[in-house]
Every structure is written in C-alpha cells, then in structure tokens.
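Trainee: build the 3D model from these lines:
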Amino acid sequence: MEQGAVLAAGPCLGADDERLHGFAVLSVDPEMARELYANDPAVRAGRLVAQVLSWMVPEGNVRFEKVPVPRSMLEAASGD
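Mentor: Predicted coordinates for the structure are as follows:
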C-alpha cells in the first residue's frame, strides 16, 4: 500500500456477513483507493474483494495516533 495512505486497518470479528473480513481507512480519494487495491496481491489473486466507500465525517471528529502495530491477533485482542 502506498506510503502513508492507510490511517487505520484491521480485521472484523463476528461479522453478520461472512464476506466481510476487515476494513481500512485511507487518506486518499476513492479513485486512488481503487487503484491501490487493484494492485493488492490478495485482491489480484481473487482471495479478497475490495469495496471502496466514501466516509463522510466532519473534520476533526476522528484522530489517528501513531501506535505500534500488533504482531499477532492475540496481541491485538489484549489491547497492549
């Protein structure tokens, strides 16, 4: 993924729709997001399908802090 494009990403657990595996919040316009995901190896292999949506949220309502990326699902679930 393009350097700095991903603000947040992670898996979805217990989704009602079994096709929903996770989501990502990107800092790019929808067309650029489509281009980036068209080159994603899992999307190209047909393992995942990227659905691009625009998220309308007032500026300043959401902040993303730099935090360490979890090394495992267990670490992510623990919140450490």
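Trainee: quick one, strands of this protein?
Mentor: Taking DSSP state E, the strands of the chain run over residues 6-11, 22-26.
Trainee: next one: residue 28 from residue 61, what distance?
Mentor: 19 Å (CB to CB, to the nearest Å). C-beta: built from backbone N, CA, C; applies to glycine.
Trainee: top helix in the chain by residue count?
Mentor: helix 30-38 (DSSP state H).
Trainee: for that one, the distance to its chain's centre please.
Mentor: Its chain's C-alpha centre and that of helix 30-38 lie 12 Å apart, by CA atoms, centre = their mean, to the nearest Å.
Trainee: so which elements touch it?
Mentor: strand 22-26 (3 or more CB pairs under 8 Å, 6 or more residues apart in numbering; DSSP states H and E).
Trainee: what about the strand it packs on, average pLDDT?
Mentor: The predicted model gives strand 22-26 an average pLDDT of 91.
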